[in-house]
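Visitor: Here's my sequence, what's the structure:
(one chain, ligands or ions: 3)
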Amino acid sequence: MTTLLEKVCCPADLRLLDADELVALAAEVREFLVDAVCRSGGHLGPNLGVVELTIALHRVFDSPRDPIVWDTGHQSYVHKLFTGRRAEFGDLRGPGGLSGYPSRAESVHDVAENSHASTALSYVDGLAKAFALRGERDRIPVAVIGDGAMTGGLAWEALNNIGSAAHDRPLVIVLNDNTRSYAPTVGGVADHLARLRAGTATSVFGELGLVCTRPVDGHDLEALETALRQARGLALERGRPVLVHAVTVKGRGYPPAESDDADRMHAVGVVDPATGRTSRPSAPTWTATFGDEIARIAAEREDVVAITAAMLRPVGLHRFATEFPGRVFDVGMAEQHAVTSAAGLAMGGMHPVVAIYATFFNRAFDQALMDVALHRLPVTFVLDRAGVTGEDGASHHGMWDLSLLNLVPGLRIAAPRDATTLRAELREAVGDDTGPTLLRFPKSAVGRELPAVRQVDGVDVLSECAGEDVLMVSVGALASTCLEAAGILAAQGIGVTVVDPRWVLPVNPVLADLAASHELVVTVEDNTRAGGVGAGVAQLLHDRAIATPVCSVGLLPEFLGAGKRADLLSAAGIDGESLAERVAAELVSRAEWQDVEVVA
Ligand SMILES: Cc1ncc(C[n+]2csc(CCOP(=O)(O)OP(=O)(O)O)c2C)c(N)n1
Ligand SMILES: CC(=O)[C@@H](O)[C@H](O)COP(=O)(O)O
Ligand SMILES: [Mg+2]
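Guide: Ligands and ions are numbered 1, 2, ... in the order given. Predicted structure coming up:
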């Protein structure tokens, strides 16, 4: 028998269903989501919370004529189900499969692909201006933004503009208030929303010039549809921005999510749908190693404090927070504030550790440059998910930090290669009160220990060769890949010295001395090649007039898709086999190596 969900191939099909069928459809969608996401991994909790909201949105608004912008976009699976992509969920977040976020290549119904939060209001402000200028006054841009994303500063910059907009720019904002980011949303915004839900406050959004509804049950289809229809009518009639405050439950309808105190199954791996738990043993991660070491440091140094941007557990600070509750600050989804408040903490005599995913740290570049580095403040940044992350796709890979932060005067950057160097480099960073320091590591299990055979002025030599053919400069966690490549090349008669600078930027000048005695320098980094460590090494050799050529192996300056981390690194030519092939090919391309029998 054809299910209701199978009958919905486009938003118009939703408008053919009656009230009972819509309730039945919502149940089918939840069943579908649990089955599909437990099988592939993804954002289960957020999507279970927007089933009714998405049904009502697509019944009231005429997407894509009325563009719907999903803030962050992790909660757009139901939207995808209703816009013709049900059959593609079998390959959710896989290479070439259905993106876990909106994708313009997938559908005309998808508007913004960036998974960095708090952007939706700015998008719809721009869309409303464009529609007004083009005389398309009957088009209503709609933003769906979560309570967590509402703690991001960009959202308030947009509200400042939207609230005072001229009376010809209708738009609708749906505030999806499920009271949580990962954990319960914190700060004055969250407190205000709680008072609005309790009916004990006047809406700040109304004070800013928006027309606001009273909070509406985000799981009551009829109430939702009524509120959205009123909002659309008011927006059109008055040419004004209207905010609908929908109160929802993250993980709604799936007991393992509803009872998950950590994060309502915000983002899950492959789990058993019956329990919501994974049966796969999890190897120790970089995050766990960091979390353990920073808690140990905190016990030794009471001037050390930590900051998270609404990701306490994902960045590994929950043990620190449990053991020293007054010294860990969750600032909400506000990375810029996180960094500049860290500058204030440092000015006040503390040593703050700011733990943020590398991709989200992009937002706080100016704060790191001008609020921290300009004042040479002792702040330590810890960038998790640096490099290729995997299934979250283009706006989640942390592949720009080394290039951006290479520009920051006085900032010292370390890239640990194993648990021992992570712990050591973290202690060196927190022990440096002369200026800002930074550690970066990937989203993966921590590999095996990779001890140095000797050290040269701060540079760890990991393996040496008889001939002095190739100097391979390994950055961070790619050390095991470099050692594997060195072994493959040795079998081809090419000697490789693998070194790990530990503190990768600014480039250690001793690399110039090492390079001078080799025929080729190869740098290997899980970062875009544009402006990364490879570029720094090449600049150093140029400045020192050392003629040894440099082959920079890294990610191309392009947006990478989604997939498994190992597959994406391999496709980028950064795994043992392909790296060896690239080095061999590089050598073969140089006349002096023609006589070496090299298998390219
Ligand atoms: C700038 C930025 N910081 C952090 C994140 C990581 N992140 C993804 S979703 C999320 C919580 C979102 O909460 P909310 O906006 O309330 O949406 P919900 O998941 O509750 O629907 C966070 C912190 C992000 N995507 N962007
Ligand atoms: C949507 C978002 O930004 C995060 O939830 C993201 O999915 C990070 O996932 P990991 O913590 O698994 O890297
Ligand atoms: Mg939320």
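Visitor: Flag the shaky bits of the stretch 351-500 of the chain, pLDDT-wise.
Guide: Of all residues in the stretch 351-500 of the chain, none has pLDDT under 70.
Visitor: What segments of it are strands?
Guide: Assigned by DSSP state E, counting those that start in this stretch, the strands in the stretch 351-500 of the chain fall at 351-357, 380-384, 412-414, 437-440, 454-456, 459-463, 470-474, 496-500.
Visitor: Just put the ones you listed in a markdown table and tack on mean neighbour count and distance to C212.
Guide: Glycine gets a C-beta too; all of them are placed from N, C-alpha and C. Formatted as a markdown table, these follow (neighbours: other Cβ atoms under 10 Å; distance: least, Cβ to Cβ, whole Å):
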| stretch | mean neighbour count | distance to C212 |
| --- | --- | --- |
| strand 351-357 | 27 | 32 |
| strand 380-384 | 27 | 37 |
| strand 412-414 | 23 | 45 |
| strand 437-440 | 28 | 42 |
| strand 454-456 | 12 | 63 |
| strand 459-463 | 19 | 59 |
| strand 470-474 | 27 | 55 |
| strand 496-500 | 25 | 56 |
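Visitor: Figure out which of those strands is closest to ligand 1.
Guide: Nearest to ligand 1 among these is strand 351-357; the distance by Cβ to the nearest ligand atom comes to 6.8 Å.
Visitor: If you compare the directions of that closest one and strand 380-384, what angle comes out?
Guide: Using axes from the mean of the first three to the mean of the last three Cα atoms, to 10 degrees, the direction of strand 351-357 lies 20 degrees away from that of strand 380-384.
Visitor: what lines up beside strand 351-357 in the sheet?
Guide: Paired neighbours of strand 351-357 in the sheet (DSSP bridges): strand 304-308 (parallel), strand 380-384 (parallel).
Visitor: Let me see the mean pLDDT of the first one.
Guide: The average pLDDT within strand 304-308 is 99.
Visitor: show me what contacts the residue nearest the centre of the chain?
Guide: Per Cα atoms, centre = their mean, the C-alpha nearest to the average position across the chain is that of H396, at 3.7 Å. If you count contacts by Cβ atoms under 8 Å, 6 or more residues apart in numbering, H396 has them with S115, Y357, T359, R385, T389.
Visitor: Roughly how far does the closest residue to G94 other than its chain neighbours sit from A445?
Guide: Distances taken as Cβ to Cβ, 6 or more residues apart in numbering put G563 closest to G94, at 6.6 Å, once the chain neighbours are dropped. Separation of G563 from A445 (Cβ to Cβ, to the nearest Å) stands at 17 Å.
Visitor: Same check on R582?
Guide: According to Cβ to Cβ, R582 stands 25 Å off from A445.
Visitor: Any residue of stretch 306-319 touching ligand 3?
Guide: No - against ligand 3, stretch 306-319 shows no contacts by Cβ under 5 Å from the ion, the least distance being 9.7 Å.
Visitor: Okay, buried residues for that stretch please.
Guide: Neighbour-count burial for stretch 306-319 flags 306-319 (criterion: 16 or more other Cβ atoms under 10 Å).
Visitor: what subset of these is also close to ligand 1?
Guide: Counting by Cβ under 6 Å from any ligand atom, A309, A310, M311 from the buried residues of stretch 306-319 sit close to ligand 1.
Visitor: Closest one to E52 out of the residues you listed, please.
Guide: A310 (25.0 Å; Cβ to Cβ).
Visitor: Touching, the closest one and H337? I think so.
Guide: No - between A310 and H337 there is no contact under Cβ atoms under 8 Å: 11.2 Å.
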